[in-house]
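S.K.: what follows is a predicted structure for the sequence shown.
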Amino acid sequence: MKKIAKSLLRLFGIIALVTLLTVSIQLFTQGMWLWGLPSLDEVQSVSLSYPSVTDTVKEVSEPEDIELALKLTGFLKYDLFEKADTNDEPLISITYHRTDGTEQTVSANRTTVWWQGKAYALKEKDMFVNLTEGLFFLEDLQENETAKK
């Protein structure tokens, strides 16, 4: 009986060690996720602002658009070992209007994300801004480009 218990304990120890090693490598190579973001069923609507492109705040309330805005935050993985540049201002802000009446805002520029009062250095620079521009602000960017010509 002791031999079986020892073998099981050893097996669980190996599994825990491999899991810890795998998660550590994942966080080191791909970055840390933002914690505390709302889920799709907790969000009533989303406001997106990009002041350097347009003064209009885009409001989305369609489930597909809300889901898209939530999935965009998956590209806001931050580097655990790099210090964020807090001198720059956020370019894009996304505010999630929750069904319980509260709001959560995440803001980012090309190198930094601001979440829950803290700034973090982005692991994938430019990715979030480029995707948000293409998905929600493409027409505004094209209008600005046309106006410049």
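M.R.: Okay, I see it.
S.K.: per-domain residue ranges of this structure.
M.R.: The chain resolves into domains spanning 1-30, 33-140 when parsed by automatic domain parsing.
S.K.: tell me the most buried of those domains?
M.R.: Scoring those by mean neighbour count under mean count of other C-beta atoms under 10 Å gives domain 33-140 as the most buried, with a mean of 16. C-beta: built from backbone N, CA, C; applies to glycine.
S.K.: that domain: end-to-end distance?
M.R.: End-to-end distance for domain 33-140, by C-alpha to C-alpha, to the nearest Å: 29 Å.
S.K.: which outside residues touch stretch 114-128?
M.R.: Judged by C-beta atoms under 8 Å, 6 or more residues apart in numbering, the contacts made with stretch 114-128 from elsewhere in the structure are 30-32, 34, 36, 72, 75-79, 82-86, 90, 92, 106-108, 110-113.
S.K.: again with stretch 17-32
M.R.: The set of residues that contact stretch 17-32 without belonging to it, under C-beta under 8 Å, 6+ apart, is 77-80, 120, 122-124.
S.K.: return the subset of those residues lying in strands.
M.R.: Counting by DSSP state E, the members of the contacts of stretch 17-32 that fall within strands are Y120.
S.K.: which of the contacts of stretch 17-32 sit farthest apart?
M.R.: Spatially, the most separated pair among these is L80 and E124, at 13.9 Å (C-beta to C-beta).
S.K.: off-centre distance for stretch 80-87?
M.R.: 16 Å (C-alpha atoms, centre = their mean, to the nearest Å).
S.K.: ends of that stretch, how far apart?
M.R.: Stretch 80-87 end-to-end distance (C-alpha to C-alpha) = 19 Å.
S.K.: what's that stretch in contact with?
M.R.: Outside stretch 80-87, the residues that touch it by C-beta under 8 Å, 6+ apart are 27-28, 31-32, 78, 111-113, 119-121.
S.K.: my guess is E42 meets H97, correct?
M.R.: No: under the criterion of C-beta atoms under 8 Å, E42 makes no contact with H97, lying 10.1 Å away.
S.K.: tell me who's in contact with the spatially closest residue to P38 that is not a sequence neighbour.
M.R.: Of all residues beyond its chain neighbours, the one nearest P38 is Y96 (5.2 Å), with distances taken as C-beta to C-beta, 6 or more residues apart in numbering. When contacts are counted by C-beta under 8 Å, 6+ apart, Y96 touches 37-38, 43, 46, 69-70, 103-106.
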